[in-house]
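A.B. asks: Quick check, what structure comes out for this input:
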Amino acid sequence: MATRKKTTAAPAAPSSAAFEHKGAEALIRPEVGVQSRFKKRKQPAKYAYDPSLAPSMQWDGGNPARERGEALIAAIEAAAQRLAMATEPADRERAQAELREATAALKALSRPFLEWAGKAERLSFEVPTLPLFIHERLSTQAILESLKGFTGGQMALNFGGHPDRDLAEQLLKAYEYPNGWFNRMILGDSLVVMNSLLQYEHMAGQVQMVYIDPPYGVKFGSNFQPFVRKRDVSHGADEDLTREPEMVKAYRDTWELGLHSYLTYLRDRLLVTRDLLTDSGSVFVQISDENLHHVRELLDEVFGWDNSVAVIAFKKTGFAGSDDLSTTHDYLLWYAKDRSRLLVNKAFGERPLTVDELGFYDQIELPDGKRRPLTKEEKLLGDRVRSLGRPFARNPMVSPGWQDSLGFPIEFEGISFRPPPNRHWATSKDGIERLRSANRLARKGNTLRFVRFFDDFALQPLGTVWNDTGVGGFVGDERLYVVQTDARVIERCMLMTTNPGDLVIDPTCGSGTTAYVAEQWGRRWITIDTSRVPLALARQRLLTASFDYQELKNPEMGPAGGFVYKMKQNKKGEHTGGIVPHVTLKSIANGEQPDVEVLVDRPEIVPGVTRVSGPFVFEATIPTAQGFDDASDPAAGQATKADEESDEAFIDRMVGVLQSSPVLHLPGNQTVTLAQVRRPARALWLSAEAVRPAEGLASSIEAADAANGGLALASGDSVAIVFGPAHGSITRRLVEEAWGEAQLPGRGYKHLYVIGFAIEPDARQRIDDYYTKLGLPVTYVQATPDVLMGDLLKNMRSSQIFSVCGQPDVSLMPVEAPADGAGNAQYWQVKLEGLDVFDPATDRVEPTPGREVPAWFLDTDYNGLVFRPRQAFFPLTGAWDNLKRSLRAEFDDSVWAHLAGDTSEPFMGGSNEQIAVKVIDHRGNELMVVKSLAAPKKKR
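C.D. replies: Numbering: from 1, shown residues only. Next comes the predicted model:
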């Protein structure tokens, strides 16, 4: 049995630690178990576009900007009149400010802008205002501490000290009272999520940096990854096509308006992003060359052309071959919320000593102090020449213009030097003597020069072309996602425009690189994605990540107090610390300490400490289910007629979708097809009924052809169907009521299918109970969210709109206490036997072994609301390898073997006396089972 390694002496510093963002707050948010009772609903938020005049300046009655333009002209005239009459300085300043503001607004109206199909049809847009519910609380530190002490459910305090809140407290205090900060991973449409941050959490003006890596608007299928472990996706291949709504909306290659819809998608999100940013904040938009010009025009319109900071070209991984030139770079469009208030930290890159540089630094000082020119062969050595000595250049020591006081003669090596005509020495006589004493004078031909060593400042300001990215992989980080960005790109953006403790948002999570870099550099982060696949990858990446522990300047403030930077040199005299002197002629000549530059990417590192990701939460925009479960519940309030009509319309749509796509996809490329799908007569809870053909299985292509071609299908068993809510999870009550109604006399149903977009754990458990213990079998069928997008989406054969989700098969075993555990306590162990997927065509369960699932997690003290994994397992990867190497002295290898397998470490139960096991399947779906901890009877 795995045990923690014994240590004879306590280390000087903890072996693992995490940054805590002290003092930062966020409002209390409800947990997923209370969403059916959450009543703090809000109306959709309306965002207005800024009206702009047509480039032709047409002042006709149909132009919505005419009225505003005339108002601005009147404002300018009034401000000019007040300025002329003002006698007090304050009045003049106020009138001048009004004049500048109105003039700038009028200029903006007359500026050309990008037009596209559909843009003129609306002057504003609405976004649903939905609350965010916490689904998981995750902490690597809690997992490690749990493994050390085998304490399982006793480690609640390691989840950031967040107290368990009862139902009433969550409902009353949610979005009303502050709480400690947790970094956040959110499942949902980025537009809806960011609107929720603004409307529910009042986060306007609190975000320092937003990094957006949107779909590039080209090659739809190759930019998204539908499976957790499959990165080789192809453009145009049906089997590789994602079905996530936001991603489909992002391109609309499968829709009707193409790039035009893409620009609308992006503009809406940029408008909301602008509201979130601080006045000193920055937004970076990553894009390829195909639509660079369009997206830049879009940013000009939203943020203003005068807030454009830079266009950065960075080298991407690999080469995209073409008939002409190979595309080697992608681009970052950097815009400020307000350029005049922009926070910018100086950024420097290593200055390579190239062969070209040695054409200028053509002299060398040897270790014995002698100086000589470099030979032709030595100039070809590049940076290797530094092993011979210190390369230096002979810089001019004069400035333009003549000054009598600085035209004096200088004696050097027996020769008298004067400045050339119309020039003067760059320093005084005293300065020249200090340069002489420092051995910084040299002769070049007939001129006296200043000796500038290459290592006086072997760095260069970071420019707008980054050629060192995309080379040599991902800085030691495994490439997890098909369009994963080199971490160095985001790292530079973050270090340039944020300080430790600042908040960063990424609306397009992908593999989680922005969150990973923010965690690395002590920034707070929120990352968002509408697909479960990238979030599953990002969750794994963050839970298993390890970082250096940067020394905090003020530990009581956490990262917000800043990092410690020091001036250090190695044995060669090279500066290796975070403070680097910038030696110049002026500093030597004036006898001053040289100016220093702080390299924000070189803070002091605390030795012996492995830093892990801090606590973070997994959230989702699952709003209150309405009209299905709680319309008759007095606590839920009276359902409106509009709600009922909306529910009926949704059911009609779902029946129509099931009629056009009646194929349920099962493991092993198996399918079952439903026929004669229709609304049932006199049903209260059931949504539809259908016939399951007697022939059972068919290939997906044959099934789709049969359904769409109107072929006669053989008669078979009659089945009942209930749809979960459009915006909510399937609840236990819905399952129970539908199951009861399906068994009424005269119905004759042989099976009940529960179809939804999400399901609560107790409802999932009830479905399992019905199948294994009671009469009518029930199957939960997962519907992909794009069903909600209506008729614009193409219907493809491989759409897999409906898929039967599996149920984890878990064994819970009492075990003896470990050698260093509490001897009198009851310990348990969990084994994931596999992932059971019920095949309704054959009435068999098809198992997937536990060692073949991408990830599974164990909450040893599940409270029925939020999932808190105390142990995390990644059987198909070496995800824990980095931490394993760093913490080898703390744990036996057998501990890490457990975390890469299907069997948990031993643990004690918690006060809730139940556990939960969550499994992530290959499509990123989360499947959870809950089990009670019943203490075994002791033998007499």
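A.B. asks: Can you list the low-confidence ranges for the stretch 301-450 of the chain?
C.D. replies: For the stretch 301-450 of the chain, applying pLDDT under 70 flags the ranges 317-326.
A.B. asks: ok, which stretches of it are helices?
C.D. replies: For the stretch 301-450 of the chain, the helices identified by DSSP state H, counting those that start in this stretch occupy 429-437, in order along the chain.
A.B. asks: Below-threshold pLDDT in the stretch 701-850 of the chain: ranges please.
C.D. replies: Within the stretch 701-850 of the chain, the ranges that satisfy pLDDT under 70 run 701-715, 727, 771-774, 784-806, 820-823, 836-846.
A.B. asks: got the phi/psi numbers for residue 614?
C.D. replies: phi -70, psi 170 (degrees, to the nearest 10).
A.B. asks: State the distance from the residue of the chain positioned farthest from its centre to residue 542.
C.D. replies: Among the C-alpha atoms of the chain, the one most distant from their mean position (C-alpha atoms, centre = their mean) is that of residue 414, at 67.0 Å. Per C-beta to C-beta, to the nearest Å, residue 414 is found 68 Å from residue 542. Yep, even glycine has a C-beta here, placed from its N, CA and C like the rest.
A.B. asks: same thing with residue 262?
C.D. replies: Note on residue 262: its distance to residue 542, by C-beta to C-beta, is 30 Å.
A.B. asks: ok, now residue 902?
C.D. replies: The spacing between residue 902 and residue 542, counted by C-beta to C-beta, is 23 Å.
A.B. asks: what's the answer for residue 564, then?
C.D. replies: In this structure, residue 564 lies at 25 Å from residue 542, with C-beta to C-beta as the measure.
A.B. asks: Looking at the two, which is more packed in?
C.D. replies: Summary of the neighbour comparison: residue 564 and residue 542, criterion other C-beta atoms under 10 Å, with residue 542 having more neighbours (22 against 15).
A.B. asks: For that one, which residues are in contact?
C.D. replies: With contacts defined as C-beta atoms under 8 Å, 6 or more residues apart in numbering, the neighbours of residue 542 are 138, 140, 185, 512, 515-516, 519, 613, 616.
A.B. asks: and residue 536, which of the three is it?
C.D. replies: Reduced to three states with DSSP: H, G, I helix; E, B strand; the rest coil, the structure at residue 536 is helix.
A.B. asks: Show the pLDDT at it.
C.D. replies: In the prediction, the pLDDT value recorded for residue 536 is 84.
A.B. asks: swap in residue 211?
C.D. replies: 97.
A.B. asks: Ramachandran angles for it?
C.D. replies: phi -110, psi 120.
A.B. asks: So it is in contact with residue 506, correct?
C.D. replies: Yes. Under the criterion of C-beta atoms under 8 Å, residue 211 lies in contact with residue 506, with a separation of 5.1 Å.
A.B. asks: Between these two, which contacts overlap?
C.D. replies: Shared between the contact lists of residue 211 and residue 506 (criterion: C-beta under 8 Å, 6+ apart) are residues residue 514.
A.B. asks: do you know how far residue 455 is from residue 588?
C.D. replies: Applying C-beta to C-beta, one obtains 14 Å for the distance of residue 455 from residue 588.
A.B. asks: Over to residue 272?
C.D. replies: 53 Å.
A.B. asks: higher neighbour count, those two?
C.D. replies: Ranked by neighbour count (other C-beta under 10 Å), residue 272 and residue 588 place residue 272 first, with 23 against 20.
A.B. asks: Which residue is the nearest non-sequential neighbour of the more buried one?
C.D. replies: Taking C-beta to C-beta, 6 or more residues apart in numbering, and ignoring the residues beside it in sequence, residue 272 has residue 194 as its nearest neighbour in space, at 4.6 Å.
A.B. asks: ok, now residue 76?
C.D. replies: residue 102 (4.8 Å).
A.B. asks: Report how many residues lie close to the one you found.
C.D. replies: By other C-beta under 10 Å, the residues close to residue 102 number 20.
A.B. asks: for residue 116, same thing?
C.D. replies: Summarising burial for residue 116: neighbours were counted as other C-beta under 10 Å, giving 18.
A.B. asks: just residue 863 next, same as before
C.D. replies: Using other C-beta under 10 Å: residue 863 sits among 20 other residues.
A.B. asks: Please, where are all the strands along the stretch 751-900 of the chain?
C.D. replies: Secondary structure of the stretch 751-900 of the chain by DSSP state E, counting those that start in this stretch: the strands cover 751-756, 778-783, 802-804, 807-815, 827-839, 844-849, 855-859, 871-873.
A.B. asks: Tabulate those (TSV), appending distance to residue 307.
C.D. replies: Compiled in TSV, the strands of the stretch 751-900 of the chain are given as follows (distance: least, C-beta to C-beta, whole Å):
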stretch	distance to residue 307
strand 751-756	44
strand 778-783	42
strand 802-804	45
strand 807-815	50
strand 827-839	50
strand 844-849	52
strand 855-859	42
strand 871-873	43
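A.B. asks: so can I have a markdown table of the contacts of residue 542 showing distance to residue 909?
C.D. replies: Listed next are those as a markdown table, based on distance: C-beta to C-beta, whole Å:
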| residue | distance to residue 909 |
| --- | --- |
| 138 | 20 |
| 140 | 22 |
| 185 | 28 |
| 512 | 32 |
| 515 | 32 |
| 516 | 34 |
| 519 | 31 |
| 613 | 26 |
| 616 | 25 |
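A.B. asks: the strands in the stretch 401-550 of the chain, which residues?
C.D. replies: Under the criterion DSSP E, counting those that start in this stretch, strands of the stretch 401-550 of the chain are mapped to 410-412, 415-417, 423-425, 441-444, 447-453, 459-461, 465-466, 503-506, 524-529, 546-550.
A.B. asks: Could you list every helix and strand in contact with the longest one?
C.D. replies: Taking 3 or more C-beta pairs under 8 Å, 6 or more residues apart in numbering; DSSP states H and E as the contact definition, the neighbouring helices and strands of strand 447-453 are strand 390-396, strand 441-444.
A.B. asks: please redo it, this time with the cut-off set to 10 Å
C.D. replies: Using 3 or more C-beta pairs under 10 Å, 6 or more residues apart in numbering; DSSP states H and E as the contact test, the elements touching strand 447-453 are strand 363-365, strand 390-396, strand 398-400, strand 410-412, strand 415-417, helix 429-437, strand 441-444, helix 585-589.
A.B. asks: With the first one instead?
C.D. replies: If you count contacts as 3+ C-beta pairs under 10 Å, 6+ apart, strand 410-412 packs onto strand 415-417, helix 429-437, strand 441-444, strand 447-453.
A.B. asks: tell me the angle the longest one makes with strand 447-453.
C.D. replies: By that I understand helix 429-437. Counting by axes from the mean of the first three to the mean of the last three C-alpha atoms, to 10 degrees, helix 429-437 points 60 degrees away from the direction of strand 447-453.
A.B. asks: who's in contact with helix 429-437?
C.D. replies: Applying C-beta atoms under 10 Å, 6 or more residues apart in numbering, the external contacts of helix 429-437 come out as 397, 405-406, 408, 410-412, 425-428, 440-441, 448, 450-451, 585-592.
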